[in-house]
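Engineer: fold the following for me, if possible:
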Amino acid sequence: MKKLLALILCVMMFVSVMSTAAFADKPAYGPHPDLDTLPLAPKQSAAANEKAIKNAKENIEFMYGVLAADNAVFGTVKTMDSIVGDLAKAMFADVDTAFGLTGDKLESNTKMVMRDYLGSEVVRYMNKHVGDFSSHSTTLTVGGAKISYTGRTTGNGSPIYTDAAGNIYGYNPTLKNWWQAPAGTTLTQAVLDNNGDRVGWTVMAAPAATTTWKYDPAKYATTFAAAVENAFNGKEGAAAIQALMYNLYAAKVWDDVNDELDDLFDEIVAWEDGTQILNQYHFHDTGINGFDNGIWDPYALLDNDFYPNTISIPAGILAP
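Structural biologist: Residues are numbered from 1 along each chain as shown. Just a heads-up that it's a prediction; the model follows:
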């Protein structure tokens, strides 16, 4: 404690001496010629440094946010693709060949078609909801000088813009073109103008437009998750996936039934044993009204292409 008190007293004495010396009368000296030529660092502005610290903190937070968002999006994509893979694999697990393709090829094609569909739905959703995770601002410049909307309009309703030098510009929403007022035109004069009766406007090229986007990583990840959810479970998305799965299952059933019909046909041929029993019953006679262009066949449904509706399968699934 004694040492601490002694240290505090020393500091107080030092400060008191410094403060006294600071206000003591002393002659004015010019800069020392040697010291004046030293490569000194420029003086630092406290306000500038505080701004730099604030910006650095915001950048760090944004970078961590981006990392978290990208990890979340990647995890969602992996989960989505796992579902796609499981559906395609289960659909063709027992199929050797169908439509001239192997089960493995049909499985691979199905995954490609589903990825194409789901990815397109996600992109459409993200484009539609871009405002949920981003904001943007547009800067207009004329000859490199920024122009800003004044909040005022001319008599005919044209918005008035101005730059730092006081030049006046206007946009005519009816003609959809830009005009510039003569040098020296005041804002008041432009406001009072009606269809060019007070100011001699001249047509000009449209200002250069630069749009700056700002993104929120957390909101982006949330919107992406919603897009995937919509692709799978939204009214249209769920119906599309169900329709695809049902038609693929119909194709699988077709393959299974086709094998069974082939076995049945072989059984019939073996049963007839070359005696043409069906012909003796006139079941294959021509000229009798019935199925197959006048040929009545009790086994007409042996035609493996006989089904009431078309099986709607995307062409990509049947690609060789």
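Engineer: distance from the chain centre to the helix or strand hosting residue 84, please.
Structural biologist: In this structure, residue 84 sits in helix 46-91 according to DSSP states H and E. Per CA atoms, centre = their mean, to the nearest Å, the displacement of helix 46-91 from the mean C-alpha position of its chain is 14 Å.
Engineer: following that helix, which helix or strand shows up next?
Structural biologist: Next element after helix 46-91 (DSSP H and E): strand 97-98.
Engineer: which strands and helices sit next to that next one?
Structural biologist: With contacts taken as 3 or more CB pairs under 8 Å, 6 or more residues apart in numbering; DSSP states H and E, strand 97-98 sits against helix 235-272. Where you see a C-beta, it was placed from the backbone N, CA and C, and this is true even at glycine.
Engineer: any idea of the mean pLDDT in the helix it packs on?
Structural biologist: Helix 235-272 carries an average pLDDT of 81.
Engineer: give me the number of residues near the residue nearest to residue 271 when sequence neighbours are not counted?
Structural biologist: Leaving aside its chain neighbours, residue 271 sits nearest to residue 277 (7.7 Å; criterion: CB to CB, 6 or more residues apart in numbering). Applying other CB atoms under 10 Å, we find 12 other residues in the vicinity of residue 277.
Engineer: mind listing the strands for the stretch 151-300 of the chain?
Structural biologist: 159-163, 168-172, 177-180, 202-204, 208-215 (DSSP state E, counting those that start in this stretch).
Engineer: distance from the longest one to the middle of the chain?
Structural biologist: Its chain's C-alpha centre and that of strand 208-215 lie 17 Å apart, by CA atoms, centre = their mean.
Engineer: also the second one?
Structural biologist: Relative to its parent chain, strand 168-172 has a centroid offset of 35 Å by CA atoms, centre = their mean.
Engineer: and that strand, what does it pack onto?
Structural biologist: strand 159-163, strand 177-180, helix 187-192.
Engineer: what about the protein, any weak spots by pLDDT?
Structural biologist: 1-37, 196, 283-306 (pLDDT under 70).
Engineer: so which residue is dead centre in it?
Structural biologist: residue 126 (4.3 Å; CA atoms, centre = their mean).
Engineer: once you drop chain neighbours, what's closest to that residue?
Structural biologist: That would be residue 227: by CB to CB, 6+ apart, it lies 5.4 Å from residue 126.
Engineer: mind listing what the one you found touches?
Structural biologist: Residue 227 is in contact with 121-122, 125-126, 129, counting by CB atoms under 8 Å, 6 or more residues apart in numbering.
Engineer: how about a cut-off of 7 Å?
Structural biologist: Contacts were defined as CB atoms under 7 Å, 6 or more residues apart in numbering; by that measure residue 227 touches 122, 125-126.
Engineer: just residue 95 next, same as before
Structural biologist: By CB under 7 Å, 6+ apart, the contact set of residue 95 is 103, 106, 252, 255.
Engineer: tell me the phi and psi of the residue lying closest to residue 240 once chain neighbours are set aside?
Structural biologist: In space, and not counting its chain neighbours, residue 240 is closest to residue 117: 6.6 Å by CB to CB, 6+ apart. Residue 117 adopts backbone torsions of phi -70, psi -50, taken as degrees, to the nearest 10.
Engineer: how many neighbours does residue 117 have?
Structural biologist: Quick note: residue 117 (other CB under 10 Å) scores 18 neighbours.
Engineer: separation between it and residue 312?
Structural biologist: From residue 117 across to residue 312, the span is 14 Å (CB to CB, to the nearest Å).
Engineer: repeat that for residue 38.
Structural biologist: Going from residue 38 to residue 312 by CB to CB gives 83 Å.
Engineer: could you do residue 166 as well?
Structural biologist: Applying CB to CB to residue 166 and residue 312 gives a distance of 67 Å.
Engineer: kindly report the same for residue 249.
Structural biologist: When residue 249 is compared with residue 312 (using CB to CB), they lie 12 Å apart.
Engineer: also residue 176?
Structural biologist: Between residue 176 and residue 312 the computed distance is 46 Å (CB to CB).
Engineer: ok, the two, which is more surrounded?
Structural biologist: residue 312 (11 against 8).
Engineer: what's the closest non-adjacent residue to the more buried one?
Structural biologist: residue 247 (5.1 Å).
Engineer: how far out from the middle of the chain is stretch 262-277?
Structural biologist: That offset, for stretch 262-277, works out to 61 Å (CA atoms, centre = their mean).
Engineer: ok, now stretch 136-150?
Structural biologist: That offset, for stretch 136-150, works out to 28 Å (CA atoms, centre = their mean).
Engineer: gap between the two ends of that stretch?
Structural biologist: Terminal residues of stretch 136-150 lie 20 Å apart, using CA to CA, to the nearest Å.
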